[in-house]
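*Asks:* Any chance you could fold what I've pasted below:
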Amino acid sequence: MQPSHPTPNQSLSSDERGRYARHLILPEVGLAGQERLKAAAVLCVGAGGLGSPLLLYLAAAGVGRIGIVDGDAVELSNLQRQVIHRSDAVGRSKARSAAESVHALNPHCQIDVHDVMLDITNVMDLIADYDVVCDGTDNFASRYLINDACVLSDKPLIYGSVQRFEGQVTVFNCNPESPNFRDLLPVPPSPGAIPSCSEAGVMGVMPGLIGLLQATETIKLITGIGRCLDGRLLVVDALSMRFRELTLRRDLDRAPIKDLIDYSQFCSAATTEMDPSVMETISVTELKALLEGDAGDLALVDVRNPAEAEIVVIPSAVLIPLSTIESGEAIEQVRSLAEGRRLFVHCKLGMRSAKAAQLLAEHGIFAINVTGGIDAWAQEVDPTLPRY
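*Replies:* The predicted structure follows:
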């Protein structure tokens with residue numbers, strides 16, 4: 001569908017005409033297009049990497065009402081890519097920090113701050129008063145939730161995602177024939193199959209690039225100009241600086257979306273079942289006590305990447321990246337370490353090490369997963385260590 005274009009309460013002020021002059025002289029936008037922007041209401045879910053450029057450029061373009069949904073607080077590691085937040089915002093609400101930056105950029109915009117986490121209890125009410133919804137989230141449960149709510153509410157959805165040096169952007173639900181997120185990804189991947197940015201890393205400019213493309217599609221949709229990415233998935237590879245376009249079609253055999261569901265359960269149900277006896281866990285405080293005792297009968301394997309180990313390590317851990325366990329290259333090395341010892345595995349947060357424990361079990365090697373990984377170690381055992 002095309003977003004509704006309510007008539008503005010008043011025409012552009014003299015200040016606004018000067019501010020948006022470069023839009024006004026574009027024949028494709030002009031006064032009518034700028035008034036549509038002023039009359040439009042856009043909801044941005046997420047004030048992080050994608051939300052930063054998205055919010056700033058929507059405000060700069062003159063979108064009259066912008067809603068910001070984010071229940072998180074700004075962390076130091078966010079500042080590498082979440083450019084809407086300043087250093088003094090660390091520890092503060094992301095939604096409120098972002099709102100301050102948007103207001104400072106363009107005081108003509110009405111900013112609605114929703115300092116909450118989006119869930120099935122509030123999503124329908126939150127999106128009801130907006131013309132367009134932009135997804136700036138970083139997890140599959142939220143993406144399915146936002147998608148389904150937009151389908152049920154008949155709202156166009158501007159989608160973006162990033163990982164490492166790659167990104168994707170498209171427009172869902174423009175009209176009844178348009179594809180939506182479930183046509184791109186009918187079922188969620190198994191937990192841990194696609195690592196989050198906090199585990200895999202991300203080039204700082206990638207969310208900026210994808211967020212700018214999301215802003216571009218939003219402005220086009222509101223003003224009615226150009227051809228939006230409806231039915232087209234734009235894939236960006238920054239390392240080779242290649243832009244590829246993939247056709248995305250609606251699956252006519254897909255079950256219709258009739259209501260909201262438990263999205264956490266939906267996404268976690270995709271995990272591969274594992275014998276509970278194979279997956280034993282230990283907390284970082286329990287591991288610390290073992291290491292301080294007779295550590296001769298235990299071995300600790302760090303399955304992170306070498307670049308992560310350069311940032312921070314747990315003393316006595318042996319670095320054996322997960323990729324070498326997956327390939328089979330390091331199986332005998334791990335087997336040798338585990339001989340006559342209790343074997344523990346850790347990563348940053350516990351997901352990759354859980355996968356390592358499962359893979360090792362398939363080779364007859366029993367490993368105990370360290371819950372929370374080195375991030376929990378830095379919080380609970382040695383707060384002097386850096387977190388990343």
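*Asks:* what pLDDT does the spatially most central residue of the chain get?
*Replies:* Geometric centre of the chain, nearest residue: residue 138, 1.4 Å, by Cα atoms, centre = their mean. pLDDT recorded at residue 138 is 93.
*Asks:* Tell me if I'm right that it and residue 197 touch.
*Replies:* Yes: proximity of residue 138 to residue 197 meets the contact threshold set by Cβ atoms under 8 Å, at 6.2 Å. To be clear about C-beta, it is placed using only N, CA and C from the backbone, and glycine gets the same treatment.
*Asks:* any residues in contact with both of the two?
*Replies:* Counting by Cβ atoms under 8 Å, 6 or more residues apart in numbering, the shared contacts of residue 138 and residue 197 are residue 49.
*Asks:* Touching, residue 67 and residue 131? I think so.
*Replies:* No: the pair residue 67 and residue 131 does not pass the contact test of Cβ under 8 Å, sitting 10.7 Å apart.
*Asks:* Overlap in contacts, those two.
*Replies:* With Cβ under 8 Å, 6+ apart, residue 67 and residue 131 have common neighbours 41-42.
*Asks:* hang on, the residue nearest to the centre of the chain is in a strand, isn't it?
*Replies:* No: according to DSSP: H, G, I helix; E, B strand; the rest coil, the state of residue 138 is coil, so it is not within a strand.
*Asks:* so which strand or helix has residue 261?
*Replies:* Assigned by DSSP states H and E, residue 261 belongs to no helix or strand.
*Asks:* How many neighbouring residues does it have?
*Replies:* 13 (other Cβ atoms under 10 Å).
*Asks:* I'd like the distance from it to residue 33, if you could.
*Replies:* 38 Å (Cβ to Cβ, to the nearest Å).
*Asks:* what's the answer for residue 19, then?
*Replies:* From residue 19 to residue 33 the distance is 14 Å (Cβ to Cβ).
*Asks:* any idea of the mean pLDDT for the longest helix along the chain?
*Replies:* If you go by DSSP state H, the chain has its longest helix at helix 205-223. Averaged over helix 205-223, pLDDT sits at 98.
*Asks:* same question, stretch 54-65
*Replies:* 98.
*Asks:* of residue 19 and residue 33, who's got more company?
*Replies:* More neighbours surround residue 33 than the other of residue 19 and residue 33, with 23 against 17 (other Cβ under 10 Å).
*Asks:* For the more buried one, report the pLDDT, please.
*Replies:* With respect to pLDDT, residue 33 scores 97.
*Asks:* Sketch out the low-pLDDT regions of this protein for me.
*Replies:* 1-10, 191-193, 269-278, 295 (pLDDT under 70).
*Asks:* Can you give the domain ranges for it?
*Replies:* Domains of the chain are assigned by automatic domain parsing as 14-268, 280-380.
*Asks:* got the ones you listed as CSV, with distance to residue 388 columns?
*Replies:* As requested, the domains of the chain are exported to CSV (distance: least, Cβ to Cβ, whole Å):
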stretch, distance to residue 388
domain 14-268, 6
domain 280-380, 5
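*Asks:* which one of those domains lies closest to residue 386?
*Replies:* Set against residue 386 and scored by Cβ to Cβ, these come closest in domain 280-380, at 5.3 Å.
*Asks:* What is the end-to-end distance of the closest one?
*Replies:* One end of domain 280-380 sits 20 Å from the other (Cα to Cα, to the nearest Å).
*Asks:* next one: stretch 80-91
*Replies:* One end of stretch 80-91 sits 15 Å from the other (Cα to Cα).
*Asks:* where do the strands sit along the stretch 201-350 of the chain?
*Replies:* With strands called from DSSP state E, counting those that start in this stretch, the stretch 201-350 of the chain shows them at 232-237, 242-247, 280-282, 298-302, 318-319, 342-346.
*Asks:* now those strands as JSON lines including mean neighbour count and distance to residue 170?
*Replies:* Listed next are the strands of the stretch 201-350 of the chain as JSON lines, based on neighbours: other Cβ atoms under 10 Å; distance: least, Cβ to Cβ, whole Å:
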{"stretch": "strand 232-237", "mean neighbour count": "16", "distance to residue 170": "5"}
{"stretch": "strand 242-247", "mean neighbour count": "10", "distance to residue 170": "9"}
{"stretch": "strand 280-282", "mean neighbour count": "15", "distance to residue 170": "38"}
{"stretch": "strand 298-302", "mean neighbour count": "23", "distance to residue 170": "37"}
{"stretch": "strand 318-319", "mean neighbour count": "13", "distance to residue 170": "38"}
{"stretch": "strand 342-346", "mean neighbour count": "24", "distance to residue 170": "37"}
